[in-house]
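S.K.: need a structure here:
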Amino acid sequence: MKTVLIVHAHPDPDSLTAQLARAARAELRAQGHEVIQSDLYAMGWKAVYDAHDFPDRVDRERLSFVAESGHAFSTGTQPDDVRAEQAKLMAADAVVFQFPLWWFGMPAIMKGWIERVFAYGLAYGWQGAGNRYRYGEGGFAGKRALLSVTTGGPAEDYGPRGINGQLDELLFPIAHGTLFFPGMEVLPTYAVYGTGRIDADGVEQAKAGLAARMRSLFDDAPIPYRPQNGGDYPDRHVLADDVAPGVTGLRAHLR
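M.R.: Model prediction:
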């Protein structure tokens, strides 16, 4: 038995996002896994990351998020809602993020969940070593992550030559920069396209497809991102000249 955290964001409890979250939960429980969830809108989650997140300030003259986040995390002075979500996250063997693609990213409330929960000393600056442990190592190493995304536009818009850009590249800042950075194994995205015109049969197919991904959640191969400390980045910043020569941009960071 594994523990899976489902984080989902949509204000309508009958939305496709909510239906998919329920389908994922039902399938995981049918497999015998423990499921915990964070329904961010239903929780009234505070999305804005600000000075109120640091009741015991190191410096009351200047707000340094890195310094204050590290201090609050290390001294146990974070707000209760943040500590509760961190406890869920640390208990989870896998995290499923279910959300609609709004303006080519996740809803602001989910971005705020990440900003507030991914504290210094936990998701970055791990073990007080700065950037020594990141991209494949860190506080979330050993956990799996899946982005389950719905888009209003058709699949063609998000293909290799689609006008909106390829979905995997649009999600790279989340998959690689947010989830792989603290050590998670990030699985290939599950996407439901064309939801602006989806019918009842389409909803059932979408739910069945996600249920199938839940059955293979702990077996699927992760996206083969290059780890920082695997030898491809000798200075921990730039790929070595002999690694993927001539390849630039996002593709260069895939093995």
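
S.K.: can you pull out the strands in the protein?
M.R.: Listed in chain order, the strands of the chain (DSSP state E) span 3-8, 34-39, 94-100, 144-150, 185-186, 190-192.

S.K.: Give me the most central residue, this protein.
M.R.: Taking CA atoms, centre = their mean, the centroid of the chain lies closest to Leu179, which sits 5.1 Å from it.

S.K.: my guess is that one contacts Val186, does it?
M.R.: Yes - Leu179 lies in contact with Val186 (CB atoms under 8 Å); the separation is 4.9 Å. Where you see a C-beta, it was placed from the backbone N, CA and C, and this is true even at glycine.

S.K.: Between these two, which contacts overlap?
M.R.: Contact with both Leu179 and Val186 is made by residues Ala145, Leu147, according to CB atoms under 8 Å, 6 or more residues apart in numbering.

S.K.: picking that back up, please identify which of the strands of the chain is closest to Gly136.
M.R.: Of all these, strand 185-186 sits nearest to Gly136, with 8.8 Å by CB to CB.

S.K.: who does the closest one pair up with?
M.R.: Sheet pairing for strand 185-186, assigned by DSSP bridges, gives strand 144-150 (parallel).

S.K.: Give me the angle between the strand it pairs with and strand 3-8.
M.R.: 30 degrees (axes from the mean of the first three to the mean of the last three CA atoms, to 10 degrees).

S.K.: Could you report the neighbour count for Leu217?
M.R.: Neighbour count for Leu217, taken as other CB atoms under 10 Å: 21.

S.K.: likewise Arg57?
M.R.: 16.

S.K.: Which residues lie in contact with it in this structure?
M.R.: Ala51, Glu68, His71.

S.K.: Could I get the contacting residues of the residue nearest to Glu68 when sequence neighbours are not counted?
M.R.: Spatially, and ignoring its direct neighbours in sequence, Glu68 is nearest to Phe54 (4.1 Å; CB to CB, 6 or more residues apart in numbering). If you count contacts by CB under 8 Å, 6+ apart, Phe54 has them with Leu63, Glu68, Ser69, His71, Ala72, Thr77.

S.K.: Are any of those residues buried, and if so which?
M.R.: With burial judged by 16 or more other CB atoms under 10 Å, the buried subset of the contacts of Phe54 is Glu68, Ser69, His71, Ala72.

S.K.: quick revisit: now, the contacts of Arg57 that are in helices?
M.R.: Glu68, His71 (DSSP state H).

S.K.: Can I get the contacts of Arg57 in JSON lines including pLDDT and distance to Met43?
M.R.: Putting those into JSON lines (pLDDT from 0 to 100; distance: CB to CB, whole Å) gives the following:
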{"residue": "Ala51", "pLDDT": "96", "distance to Met43": "21"}
{"residue": "Glu68", "pLDDT": "96", "distance to Met43": "23"}
{"residue": "His71", "pLDDT": "97", "distance to Met43": "25"}
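
S.K.: This completes my enquiry, with thanks.
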